[in-house]
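What follows is a predicted protein model with its sequence.
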Amino acid sequence: MIRIEDVSLSFGGIRAVDGCSFEVAEGSITGLIGPNGAGKSTLFNIVAGLLKPDAGRIVFDGEDITGLPPHTLFHRGLVRTFQIPHEFYRMTVRENLMLVPPEQAGENLFASWFSWGRVKRQDADVLDKVDEVLAFLNLTHVADELAGNLSGGQKKLLDLGRTMMTDARMVLLDEPGAGVNRTLLGAITTAIRRLNEERGYTFCLIEHDMDVIAELCDPVIVMAQGTVLTQGPMSEVRSNPDVREAYLGHAETEDAG
Ligand SMILES: Nc1ncnc2c1ncn2[C@@H]1O[C@H](COP(=O)(O)OP(=O)(O)OP(=O)(O)O)[C@@H](O)[C@H]1O
């Protein structure tokens with residue numbers, strides 16, 4: 001579904017992504033792991049249209065999408081989970097979901113925020129879907145709570161909910177488990193799995209929690225020093241000595257530093 005072809009990007013002298021190639025197959029939940037500084041987030045930002053690579057290309061559904069802006073990718077069904085902008089914390093959970101109905105606001109969340117009156121007039125078309133998303137994610141009981149009052153895990157669920165409002169097909173998730181307690185982590189992994197199995201979403205997710213990766217992802221791509229070190233099922237990746245060395249080598253470097 002997505003093919004990353006020999007992509008490179010340097011920041012000054014640092015080769016953050018260095019000749020990186022892999023594919024995310026349609027219908028998969030593909031994990032992207034690797035030690036700190038391996039280039040995972042930079043690669044995500046390239047795929048999501050936030051950074052342009054120095055070389056290489058990104059092919060989505062057979063079309064070259066390299067360098068296309070996020071709102072164009074959004075309309076093609078490629079979405080990166082949103083960091084909820086601070087202003088949105090002063091809106092309720094329900095209002096946050098109402099801001100991203102499929103055909104308009106997600107293109108530019110700030111634009112929709114400034115034209116809130118217009119968005120509200122579309123309520124009738126959107127409310128059913130909002131209710132469905134709230135129920136799916138077990139957020140109905142906090143629907144009228146301000147988003148800023150949610151726990152970290154609930155905010156991540158709301159992020160997923162906003163993705164669901166967009167009819168996404170391919171979702172890039174950046175550390176869905178970071179800073180989330182175990183109970184809500186279970187809710188998040190269940191939601192990801194259900195979206196994959198029941199709605200056909202394809203996921204590519206960066207995650208440092210290996211339990212989350214082992215539970216959800218096949219295949220797992222391991223990046224180190226800007227490129228792919230190895231890939232395969234978690235059981236294989238876990239026992240690969242090169243992977244261990246990449247992580248340990250990094251830890252030693254950090255210890256030394
Ligand atoms: N905007 C930037 N300017 C300069 N250097 C950057 C920038 N963004 C990333 N880097 C560098 O590029 C390299 C790759 O960083 P990146 O954040 O992509 O790694 P990562 O695998 O996502 O790491 P982590 O797991 O810690 O998030 C690192 O050496 C980082 O310091």
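Nice, thanks for sending it over.

thought residue 64 was touching residue 5?
No - with contact defined as Cβ atoms under 8 Å, residue 64 does not reach residue 5; the gap is 9.2 Å. All C-beta atoms are positioned from the backbone trio N, CA, C, and that covers glycine.

Around residue 156, how many other residues sit close by?
Burial of residue 156 is recorded as 26 neighbouring residues (other Cβ atoms under 10 Å).

ok, now which ones touch it?
When contacts are counted by Cβ atoms under 8 Å, 6 or more residues apart in numbering, residue 156 touches 176, 180, 184, 188.

Scan those residues and report the most crowded one.
residue 176 (25 neighbours).

Let me know the secondary structure of that residue.
Residue 176 carries the three-state label coil when classified by DSSP: H, G, I helix; E, B strand; the rest coil.

Tell me the confidence at it?
With respect to pLDDT, residue 176 has a value of 87.

thinking again about what came up before, now list whatever residues contact both of residue 64 and residue 5.
Both residue 64 and residue 5 are in contact with 57, 58, where contact means Cβ under 8 Å, 6+ apart.

Who has more neighbours out of those two?
Using other Cβ under 10 Å, the more surrounded residue of residue 64 and residue 5 is residue 5, with 17 against 12.

And the helices in the stretch 1-150 of the chain?
Taking DSSP state H, counting those that start in this stretch as the criterion, the stretch 1-150 of the chain carries its helices at 40-47, 70-75, 93-98, 109-114, 116-121, 123-136.

Flag the shaky bits of the stretch 101-250 of the chain, pLDDT-wise.
Of all residues in the stretch 101-250 of the chain, those with pLDDT under 70 make up the ranges 101-125, 250.

hmm, 50 instead?
Segments of the stretch 101-250 of the chain classed as low confidence (criterion: pLDDT under 50) are 104-107.

For it, just list every one of the strands.
All strands of the stretch 101-250 of the chain, identified by DSSP state E, counting those that start in this stretch, fall at 170-174, 202-206, 220-224, 227-232.

How is the protein partitioned into domains?
Per the record's domain assignment (automatic domain parsing), the chain is made up of the domains 1-77+168-257, 83-167.

For the ligand, which of those is the nearest?
Closest to the ligand of those, according to Cβ to the nearest ligand atom: domain 1-77+168-257, at 3.2 Å.

Could you report the pLDDT at residue 67?
Model confidence at residue 67, expressed as pLDDT, equals 91.

Neighbours of it, how many?
Using other Cβ under 10 Å as the criterion, residue 67 is surrounded by 13 other residues.

So the closest residue to it other than its chain neighbours versus residue 201, what's the distance?
Beyond its immediate neighbours in the sequence, the residue positioned closest to residue 67 (Cβ to Cβ, 6 or more residues apart in numbering) is residue 52, lying 4.7 Å away. With distances defined as Cβ to Cβ, to the nearest Å, the gap from residue 52 to residue 201 amounts to 26 Å.
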